[in-house]
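K.L.:
What shape does this take:
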Amino acid sequence: MKKSLAAALLALSLAGRAAVWEVPSKGSPPLRTKQVRLHDIAHRHLDPFQQFPESFPLQVAVLWTRPDPDPENPLALVHSLKEMGIPFFITRDFAQALRHHLVILYPSVDSHTFTQPQAEQLTTFVRQGGFIFAQNVFWGGIQSLFGFRSFAPSRKRYHLAFSGTTDPVMKYLNRPEELEVSLGSDHFPEIIWSNGYVPETGAEVLAHFDDGTAALLMNSIGEGKVYLLGLSLLDVVLRSQNNRDYEAQRHYVNAFEPGADIWLLILRAWYESYAHDWVRLATIPGGQQSALLLSHDVDWENSFAPALDFARIEKANQAKSTFFIQTKYVDDANSKAFFFAPNLETLRQLKSGGSTVGSHSIIHSRGFNKFDLGSGHEIYPSYQPRGLGFDTASGATVFGEVRVSKELLDGEIPGQDTIFFRAGHLRVPYSLPEVLERSDYQFDSSFTADDVLSNFPFALPRDMGFEEDSEIYEFPVTIEDEESPGFAQRVPQALKVILANAENGAVSVVLIHSNESHLKAAAEEELLRQLPADIIKTDMVSFATFWRARDRLQWTVTATSLPGQVVLQMKSHDSVTGITFEFERPIATVTGGAILSPDNRHVVLQELGPGDSVSVRIRYLD
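P.N.:
Next comes the predicted model:
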């Protein structure tokens, strides 16, 4: 966290602090709780070849290039393709992959990957109009196909710049932040591995590293093309999303930082450029361009009453938000307790008025990322955490902060089921995904988008690792209000960031502390009024439930016996409204309960229930 932001948050957390606190709960009735079930972790370890099977011709074929019986988890590529809504399957079958028009070779190609006859088949495949995307190709027997003479591995390449090119895979990279990318801070003597290529004559360099070697190559062979990336998606996508990168971020918050997203956008452009009559699952519901997700952190005794002002202004502007509540029922060195009446009545009013509520922990400690895991059996009132200072505490555990806060919110607010969490000061322990999952949460918003280099929601891997996704989805914070100058003076800057994300179909999460509503609420209202009509203004819970359903949706597109007609079939795991598909070809008619957007290229599904299967017949314009 940047020093200026940390100082501002410290000042906010200490506002109203006195030397000695009276215990406000003396003589007061105990807080009501609702039992939180402690779930076991079900490690899936699913076979990727069974989890992502071949089901229709428009899928991208991911050819798994490792011969090992148990391959490394393809989590980085899965995140990239699913977040972009690109249909794909994973196979080890060479012939099966080459029956599809687009093939990704993953995770690398060395001298043991292909036989010489297979290398010749790959060349023929491309020459006859196939398209390949690969990363980290090392084998000399295939270098002429990929357009390089030699390569050099290194852990000392810190920057990457895209060349001025009109290649179609670059069509979404149009801003300075997208054309020059940090791979890690030069404060580290070594960072991620990269492979710099020396191109053959005729190959086009689309991006180069800071030492001048090629980072992304394109080579044309006959009717097809191959693209070669000298980086691993595990390092430039998943490592960043896990916040395990080498401080590659250029900002901490409040700026447009697409460092991981550019690789997702390149894959999207590759698919849209070369798949015939492509179809993609859109990132935003209802055929809209983007979504602004509004949230407020309520983490001070005087933050509750102003929250109602924000809720009123949002309702007047056809918007709503999620309030993350600190359930502080203990006095400590940082502040006094405030989770009691009349603040509880304010929470009930927020809920009944249409706002949604999430947890913001109990003691809101900056040391949360260093807390012990705990037993998972922490309950109110025996769980007694206390802050000893800004980043130290006694009696506090990760389980306690997560589970007991949910107990209290669900017990004190009628109809409340707390499924969203945000850590105090955005300090994240590696154990958080497990604790959230075991405590019946579904979503988290404890990172900043700039810090994880991504503006799209993503599944949060267990232990912030590289092997297995948890059931938790992360929605990182884009804009916050405490960095100097205050949010009231940064509305134009915030709007620029939101519009940059909207161009990519990404979302923007806004965090505004509700410690006062005079300046901040007016600034929020100004921002809402300036938003384009095709950017949804909604709360985090509503959009998160959409994204989760989208991520779990099963779908296919298959041709019929009639020319120019296809059938879109879906099966939904969850209840969801607004699932949207984008089509390359303009559409004439849609039957089956779906709605065709005015641009004739988006099909919007009406409400789907859990387990619903839907079939939509689509006729293209001639």
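
K.L.:
Can you list the residue ranges for helices in the stretch 201-350 of the chain?
P.N.:
Listed in chain order, the helices found in the stretch 201-350 of the chain under DSSP state H, counting those that start in this stretch are 233, 239-241, 261-274, 304-316, 343-352.

K.L.:
List just the one of those that sits closest to residue 622.
P.N.:
Between residue 622 and the helices of the stretch 201-350 of the chain, the tightest spacing by C-beta to C-beta is seen for helix 261-274, at 21.7 Å. In short, each C-beta sits where N, CA and C put it, glycine included.

K.L.:
ranges for the strands of the stretch 401-550 of the chain?
P.N.:
420-421, 443-444, 458-461, 469-474, 479-480, 507-513, 535-539 (DSSP state E, counting those that start in this stretch).

K.L.:
In the sheet, which strands lie alongside the third one, parallel or antiparallel?
P.N.:
For strand 458-461, sheet partners with direction are given as strand 469-474 (antiparallel), following DSSP bridges.

K.L.:
With respect to burial, which of the helices of the stretch 201-350 of the chain scores highest?
P.N.:
Counting by mean count of other C-beta atoms under 10 Å, helix 233 has the highest mean neighbour count of the helices of the stretch 201-350 of the chain, with a mean of 26.

K.L.:
That one: how far from the chain's middle?
P.N.:
15 Å (C-alpha atoms, centre = their mean, to the nearest Å).

K.L.:
hmm, who's touching that helix?
P.N.:
Outside of helix 233, the residues within contact range by C-beta atoms under 8 Å, 6 or more residues apart in numbering are 76-77, 80, 135, 263.

K.L.:
PyMOL command to pick out the buried ones of those?
P.N.:
Here is the PyMOL command that selects the buried residues among the contacts of helix 233 (16 or more other C-beta atoms under 10 Å):
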select buried, resi 76+77+80+135+263
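
K.L.:
quick one: which of the contacts of helix 233 sit in strands?
P.N.:
Among these, the ones falling in strands (DSSP state E) are residue 135.

K.L.:
Can you pick out the most distant pair from the contacts of helix 233?
P.N.:
Taking C-beta to C-beta as the measure, the contacts of helix 233 have their most distant pair in 80 and 135, spaced 11.0 Å apart.

K.L.:
Using a markdown table, lay out the helices of the stretch 201-350 of the chain together with distance to residue 613 and mean pLDDT.
P.N.:
Shown next, in a markdown table, are these (distance: least, C-beta to C-beta, whole Å; pLDDT from 0 to 100):
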| stretch | distance to residue 613 | mean pLDDT |
| --- | --- | --- |
| helix 233 | 32 | 97 |
| helix 239-241 | 32 | 97 |
| helix 261-274 | 25 | 98 |
| helix 304-316 | 36 | 97 |
| helix 343-352 | 34 | 98 |
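
K.L.:
Make a markdown table from the strands of the stretch 401-550 of the chain and add mean neighbour count and mean pLDDT to it.
P.N.:
Formatted as a markdown table, these follow (neighbours: other C-beta atoms under 10 Å; pLDDT from 0 to 100):
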| stretch | mean neighbour count | mean pLDDT |
| --- | --- | --- |
| strand 420-421 | 25 | 98 |
| strand 443-444 | 25 | 98 |
| strand 458-461 | 23 | 97 |
| strand 469-474 | 21 | 96 |
| strand 479-480 | 24 | 98 |
| strand 507-513 | 25 | 98 |
| strand 535-539 | 21 | 98 |
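
K.L.:
among those strands, which is nearest residue 393?
P.N.:
strand 420-421 (17.8 Å).

K.L.:
list the helices and strands the closest one packs on?
P.N.:
strand 322-325, strand 356-359, strand 443-444, helix 540-552 (3 or more C-beta pairs under 8 Å, 6 or more residues apart in numbering; DSSP states H and E).

K.L.:
change it to 6 Å
P.N.:
Using 3 or more C-beta pairs under 6 Å, 6 or more residues apart in numbering; DSSP states H and E, no helix or strand is in contact with strand 420-421.

K.L.:
From the chain's centre, how far out is it? Work that out for me.
P.N.:
The answer for strand 420-421 is 15 Å, by C-alpha atoms, centre = their mean.
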